[in-house]
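Student: the following block contains a protein sequence and its predicted model.
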Amino acid sequence: MSNPRNALAQQLAEAVYQALSDDLERQDKVLLVVSGGSTPVAFFAALAQKPLPWARVQVTLADERWVDAQSQDSNARLVREHLLIGEAANAEFVTLTTSDETPEQGVDEIARRVEPLAWPASVVVLGMGGDGHTASLFPDSPELGLAMTTDEALVAVRTPSQPQPRITLSAARLHQARRHFLHITGDDKRAVLGSAMGGDDVRQLPIRAFLSCPLAIYWAP
Ligand SMILES: O=C1O[C@H](COP(=O)(O)O)[C@@H](O)[C@H](O)[C@H]1O
């Protein structure tokens, strides 16, 4: 019997492939924004197999932990190891860290790096944590209000619940995208999403800010 999480990853990869292919008929370059964490591994592996003209695909992250590129916690490392393989290694990957000590010091340089990309993104694939965070928009982050309202592309965030400082695309920049997908697994996250759908306070469950994008939900047990 096929693993439902692998089947979900294949379905999501097919949907993202179709979306990028559609936009590539009209645009020279397309931008794909992906999330990190643990959930996207099988999706990345499935997407990497798709016959895209990868040199015309730009990839960046919804968010990043302020860690070394080799760290197990690096979202960029996840993308490099699981998505940018085979033909997909020809994609242009724009990362969200610098050699600066802090994201506050690096954020302007990263903003200059991401600005030339092919915005609006064709596709944003969001993840969600058990606390309802998405990208690095955390309920307990003092910068959540700023990240939800700023017109800037990026915000440096410090979140008491998280071991490292982070950088995140702002809600405005994520909202701009043509298509939004949410990739989650497990009954616990389904319950969190159910709670999110039953209320409207984005400070409690930041995923709420994206529920009406519209958001294509990809869930498996
Ligand atoms: O910290 C993060 O968490 C979320 C969810 O990750 P998961 O491990 O529960 O799949 C992720 O979407 C985000 O990009 C990441 O930085």
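Tutor: Done, it's in.
Student: all contacts plus neighbour counts: C-alpha atoms, from now on.
Tutor: Will do.
Student: need the next SSE after the longest helix belonging to the chain, C-terminal direction.
Tutor: Using DSSP state H, we find that the single longest helix of the chain is helix 4-24. Per DSSP states H and E, helix 4-24 leads on to strand 30-34 as the next helix or strand towards the C-terminus.
Student: who's in contact with that next one?
Tutor: For strand 30-34, the surrounding residues in contact (Cα atoms under 8 Å, 6 or more residues apart in numbering) are 20, 23-24, 56-62, 117-126.
Student: now for the nearest residue to P206 once chain neighbours are set aside: which residues touch it?
Tutor: Using Cα to Cα, 6 or more residues apart in numbering and skipping the chain neighbours, the partner closest in space to P206 is H133 (5.3 Å). Contacts for H133 (Cα under 8 Å, 6+ apart) come out as 139, 205-207.
Student: pick out the most distant pair among those.
Tutor: P139 and I207 (9.6 Å; Cα to Cα).
Student: which neighbours do those two have in common?
Tutor: Contacts common to P139 and I207, judged by Cα under 8 Å, 6+ apart, are 132-133.
Student: the two: which is more packed in?
Tutor: Comparing P139 with I207 by neighbour count (other Cα atoms under 10 Å), the higher total belongs to I207, at 28 against 22.
Student: in this protein, which residue is closest to the centre?
Tutor: For the chain, S35 is the residue whose C-alpha lies nearest the centre (Cα atoms, centre = their mean; 2.7 Å).
Student: before we move on, back to that, which of the contacts of strand 30-34 fall within helices?
Tutor: Using DSSP H, the members of the contacts of strand 30-34 that fall in helices are 20, 23-24.
Student: between those residues, which is closest to the ligand?
Tutor: Taking Cα to the nearest ligand atom as the measure, the ligand sits nearest to L20 out of the ones in helices among the contacts of strand 30-34, at 20.3 Å.
Student: wait, that closest one touches V124, no?
Tutor: No - using Cα atoms under 8 Å, L20 is not in contact with V124, being 10.9 Å away.
Student: who has more neighbours, the two?
Tutor: More neighbours surround V124 than the other of L20 and V124, with 26 against 22 (other Cα under 10 Å).
Student: which stretches in this structure count as strands?
Tutor: 30-34, 57-61, 63-65, 92-94, 123-126, 154-157, 166-169, 179-185, 215-220 (DSSP state E).
Student: go through the ones you listed and pick out the most buried.
Tutor: Per residue and on average, the most neighbours among the strands of the chain fall to strand 63-65, with a mean of 27 (mean count of other Cα atoms under 10 Å).
Student: ok, that strand near the ligand or not?
Tutor: Yes - judged by Cα under 6 Å from any ligand atom, strand 63-65 comes into contact with the ligand at 63-64.
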